[in-house]
Every structure is written in C-alpha cells, then in structure tokens.
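Asker: For reference, the sequence and a predicted model appear below.
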Amino acid sequence: MKKFDAIIIGSGQGGAPLAKALAKAKWKTALIEKKFAGGTCINYGCTPTKTIISCAKTAYNVKHAKEWGINAAKHEVDIRTIMKFKNRVVNESRNGLHNSLTSTPHLTYIEGAAKFTGFKELSVELSKGGIMQLKAEKIFIDAGASPAIPAIEGLDEIKYYTSQSLLDLKEIPESLIIIGGSYIALEFGQTYSRFGSKVTILERSKDFLPKEDRDIALCIQQILETENIHIHTGVDVSGVKKSGRKISVAFTENNKTSSLSATHLLIATGRKPNTKPLDLEITNVATDERGFIKVNDKLETSANGIYAIGDVTGEPQFTHISYNDYVILKDNLLNGKNNSTQNRQVPYCMFTDPQLARTGISETEARKQKLHYKVATLSMKHVARARETNHTKGMMKAVVDADTKQILGAAIIGEEAGETIAALQMAMLGKITYTQLAEMVIAHPTYAESINNLFLPLIK
Ligand SMILES: Cc1cc2nc3c(=O)[nH]c(=O)nc-3n(C[C@H](O)[C@H](O)[C@H](O)COP(=O)(O)OP(=O)(O)OC[C@H]3O[C@@H](n4cnc5c(N)ncnc54)[C@H](O)[C@@H]3O)c2cc1C
Ligand SMILES: NC(=O)c1ccc[n+]([C@@H]2O[C@H](COP(=O)([O-])OP(=O)(O)OC[C@H]3O[C@@H](n4cnc5c(N)ncnc54)[C@H](O)[C@@H]3O)[C@@H](O)[C@H]2O)c1
C-alpha cells in the first residue's frame, strides 16, 4: 500500500489546483483522475459549451447582419468545423493541465477510478490496467457530478442526448425537444436554434426560471421566444417513444394532455453526484438522500481528515465555487486561516445571448426577508454602449439597502452582463454605496458606465 500525505479524487476545478498547491508545499500528494484532466468544466461543461455558443452568436449576427448595414445574404452553418474548433479549445486546455499536473514535483498523477476499501484507504483501477492501493491522512473528494436522468417511461428504449453526448453531434438536429428549462436547456436550446434547429423546451416548474424575479425571467423568456424557441412551463412529461424517424414526447400542461415530436431529444434535468462508485460508507463519509456529500462550512465531511469540494457537495454547481472551495482549503490547511463557505458571494452567469448575470439577492428575496430596500432598473435600450453596438435587448436591476445605501444584489441581462456584474459584486464586497456608484467616473461609452445611469434615479 502506497502512503501519501494527501490524496485527491478528481482533477476538476477544485481538485487540480489543490493538488498543485499541496505538492508545492511539499506534501507528498496523489491526484487520481478516472477520465480527463480538468473534469467537467474543461471537457464537457463551460469550455466546450461557451466555444459553441460563440459560434452560434456569430451565426446569429451573420443572419441579422443587415441590421448593422452588412450584406451577408449567403451563409451556412458547418457543424463539423464548429465541433473541430470546440475540440481544439478543449484539447488545448485539457493537455495543458495534464502536462502541468504530470510535471509538478511531489505530485503523483494517477489515471484510474478510485474507491474506498477502508478508513482513508483507497484502491484505484488503473486505466492502463491493474490495481493500486493507497492511503493518506488527508483525503479530498472532488468527484463532481453527471447528468441526472429522470424516470420517464420509454426513455431507456430510445436514443436521447445529455449535455455531454450532445457535444459530439455531427449533424444539426432538424428539431430538438429539451426536457428541463434551466442553464443547460437554455444555453443549448438557443445555440441549436441559432444553428437552425426547431427548439422546444419542456420545463417542470410552473414558473420559468423560478429563482429569478419575474421581470428578469420574463425578459429572458421573451428574448428566447423572439428567436422562435418554444417554452412550455408547468409540464409533466409522462412518456417518450420512437415515432418513425422522430421521438414523440407525451406530457401534461395545465391539466391538458399533449404530445410533440422531434428528431432529437436532450435531457437537461440537473446533475447527480458521482458518489455511488466511491463506496463512501466504508470510510464513514455521510451523504444526503440524493447522494451528495455532506460537508460543514469548512468543507469537512463526517469523517475526520476527509474533505469534499465542488459539485459533489451539492448546489451551487459552478466552476468558480469548486475553485473557491480549493482556495478555502488551501488557506486553512497551508496558511493557518479559518475561512469558511458561509456568506461567500455566489455570482453566476447564464450564457444565453444576451447573458443573464446575477449576484446577491433578488427583489423577491428582499421582500421575503422584509428588508428596507429600494430597486433600481434600467432598460438596455437606454445604455449608450448597447445602442451604439445594436445590443439593446435586456435590462439591469439592482436591489439596494435604503438605509446603508449598499448594494444587496443585482441581475443584468445584456451583452457581456457577466463582466458588468463583477463590478457590482466588487462594490458589494467593498461596501461601496449606490450613491458613490451613481457618480463614480467610469469610462464612456462602456457597459460598466451604465452603472451610473442605473443608480442616478435613486439619488435624484
Ligand atoms: C454543459 C455544462 C455547462 C456548464 N457551464 C458552466 C459555466 O458556464 N460556468 C460555470 O461556472 N459552471 C458551468 N458548469 C458547471 C461546472 O462545469 C461545474 O460546476 C464544475 O466543473 C464542477 O467542478 P468540480 O471540481 O466540482 O467537478 P468536476 O469538474 O466534475 O470534476 C470531477 C472529476 O472527478 C473525476 N472522478 C469522478 N469519480 C472519480 C473516481 N471514482 N475516481 C477518480 N476520478 C473520479 C471525474 O472524472 C472528473 O474529472 C457547466 C456544467 C455543464 C454540464
Ligand atoms: N452558465 C452556467 O453557469 C452553467 C451552465 C450550464 C450548467 N451549469 C450548472 O450545471 C448544473 C446543471 O444544469 P441543468 O440546467 O441541467 O440543471 P438545473 O438543476 O439548473 O435545472 C434542471 C431543470 O430541470 C427541471 N426538471 C427536472 N426534472 C424535470 C422533468 N422530469 N421534466 C421537466 N423538467 C424537469 C427543473 O425544474 C430545473 O428547472 C446547474 O446546477 C448549473 O449550476 C451552469
């Protein structure tokens, strides 16, 4: 049995930097990865999807080039070249990370699938064949999550896609039904709609994007519907079956039974943790009823010396959260700090076009908490930069504390909204008030400058 100071399971956005940091501190470290270096983000998540989304935006802009005074009448989408571009970007990131992990002193990179065989003892089924046994005083689980497949009658008898397998498509679907209506559904839905597919979204929740304020959700919904994406909410999918060369999906909506068919079906109904194969019960690591590992605010599991980070611990499931988990552990273990996950900011950006970016609380949450708040809104139609570049879809909305004048939260729908929200997030971190933001000097004409205009009405 090989002995290490630390073992990390999974080379995702938390596990890989943690392995490098511990090795740099001269801990004898092993990093076990069963598939590709970089985990979901690089291989099946952010990197490939955002690459394809950029192609879809180009396709959209070419199709609408006349609005910018450009005649680009003839154009076609070449999905094979798009996928090659995506593969190149993914491979560069994956190979770069792999090279850096395999050349880090004090770090042993092991390719294979790990499972617990005893308390803080693991066996790895090596990808090249054979078994390795190893143990360590400290073990970090960054095993991530995979597409969750709902129990829908007939699903196991037809060919359907997940966010992972859709990335290998070699054709543009003539029509695409998506079950689920959140990040994955909307990003892929708009992408394939822009490539030419007829897209229908079937979402179970009564409300579209239920975590958002209704004005924000409605704004996104209208933008997508203008692009001919059909959105159904409050849907209960009862069954799927093959119908000629199509797939027929039966569902109930507002107590009415309906069915739709399409050439392709995408399941985008959330993700389940990769914990089952780990045999966690052998090492006393407790999980919740869905299999996510339970951790406290220091990312410690129920087993002393075993930690868990990222998606495997449940929501929120974002790359920046997995990475921030790593930062917390690194600071606590190597720099004598006492950091925790409590009260950390959780911004997010959905990469529809325009993007929906959010940080802090919504107006609905402020109302629920009975806060003394004010709301500022601004249509993108009134943002100079948006008007000058013909990107006027969307809106900005901020919730501020009426007494302290600090920003409590904001949502932005607009071109590069993810960048602008970071400025508001910094203001929240630095406790900069909306009165300061309303009159702060910001370069003209930028999207960030619209922060002035967003808050100006509140100080008049
Ligand atoms: C389509 C899609 C798009 C996304 N887009 C975004 C986005 O734009 N922005 C954003 O912030 N987030 C996005 N996400 C979410 C983001 O990708 C994840 O939150 C993030 O990658 C999670 O990182 P992680 O470190 O927790 O786990 P992962 O990156 O999933 O890493 C887990 C690793 O553990 C390995 N592993 C699992 N079990 C074992 C085992 N038994 N032995 C050895 N290795 C094992 C896996 O192979 C994997 O490499 C997206 C996700 C998807 C699916
Ligand atoms: N831009 C980003 O940051 C980004 C992009 C993609 C994915 N992600 C991450 O990946 C994770 C997974 O994304 P996702 O969109 O699959 O999941 P999600 O958990 O965000 O949403 C799943 C959706 O499917 C619906 N649903 C569940 N079962 C259903 C059913 N049987 N019929 C119809 N609808 C059903 C749910 O109501 C929900 O709206 C998210 O947690 C997100 O954090 C992030």
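Answerer: Thanks, I have it. Ligands and ions are numbered 1, 2, ... in the order given.
Asker: Quick check: residues of the stretch 251-400 of the chain near ligand 2?
Answerer: Contact residues (Cβ under 6 Å from any ligand atom) of the stretch 251-400 of the chain with ligand 2: 268-271, 316-318, 348-351. Placement of C-beta: from N, CA and C, glycine included.
Asker: Give me the contact list for stretch 235-243.
Answerer: Outside stretch 235-243, the residues within contact range by Cβ atoms under 8 Å, 6 or more residues apart in numbering are 150, 152-155, 157-158, 160, 179, 202-204, 247-253, 257, 261, 265.
Asker: That stretch: which residues count as buried?
Answerer: For stretch 235-243, the neighbour count (16 or more other Cβ atoms under 10 Å) marks 235, 237, 240-241 as buried.
Asker: Who are the contact partners of W27?
Answerer: Applying Cβ under 8 Å, 6+ apart, we find W27 in contact with 5-6, 106.
Asker: Kindly apply the preceding question to K294 instead.
Answerer: K294 touches 286-288, 301-302, 313, counting by Cβ under 8 Å, 6+ apart.
Asker: at 10 Å instead, please
Answerer: Residues in contact with K294 (Cβ atoms under 10 Å, 6 or more residues apart in numbering) are 285-288, 300-302, 308, 313-314.
Asker: residue contacts, the closest residue to ligand 1 within the stretch 301-450 of the chain?
Answerer: Taking Cβ to the nearest ligand atom as the measure, the point where the stretch 301-450 of the chain comes nearest ligand 1 is G310, at 2.1 Å. Residues near G310 by Cβ under 10 Å, 6+ apart: 10, 12-15, 39-41, 140-145, 273, 293, 299, 317-319, 321-326.
Asker: Please name the nearest non-neighbouring residue to it.
Answerer: S322 (3.3 Å; Cβ to Cβ, 6 or more residues apart in numbering).
Asker: re the thing from before, which ones among the buried residues of stretch 235-243 map onto strands?
Answerer: Judged by DSSP state E, the subset of the buried residues of stretch 235-243 located in strands is 235, 237, 240-241.
Asker: Relative to A422, which of the residues you listed is nearest.
Answerer: Using Cβ to Cβ, V235 comes nearest to A422 of those, at 34.7 Å.
Asker: Would you check that I216 makes contact with M395?
Answerer: Yes - between I216 and M395 there is a contact at 7.4 Å, judged by Cβ atoms under 10 Å.
Asker: got any residues that touch both of these two?
Answerer: Residues touching both I216 and M395 (Cβ under 10 Å, 6+ apart) are 377, 411-413.
Asker: Let's see which of those residues end up in strands.
Answerer: Per DSSP E, the subset of those in strands is 377, 411-413.
Asker: How about stretch 149-162 and ligand 1, any contact?
Answerer: No - using Cβ under 6 Å from any ligand atom, stretch 149-162 stays clear of ligand 1, coming no nearer than 8.6 Å.
Asker: if we look at that stretch, which residues are touching it?
Answerer: With Cβ under 10 Å, 6+ apart as the criterion, stretch 149-162 contacts 44, 146-148, 165-169, 173, 176-180, 184, 188, 204, 236-243, 247-251, 264-272.
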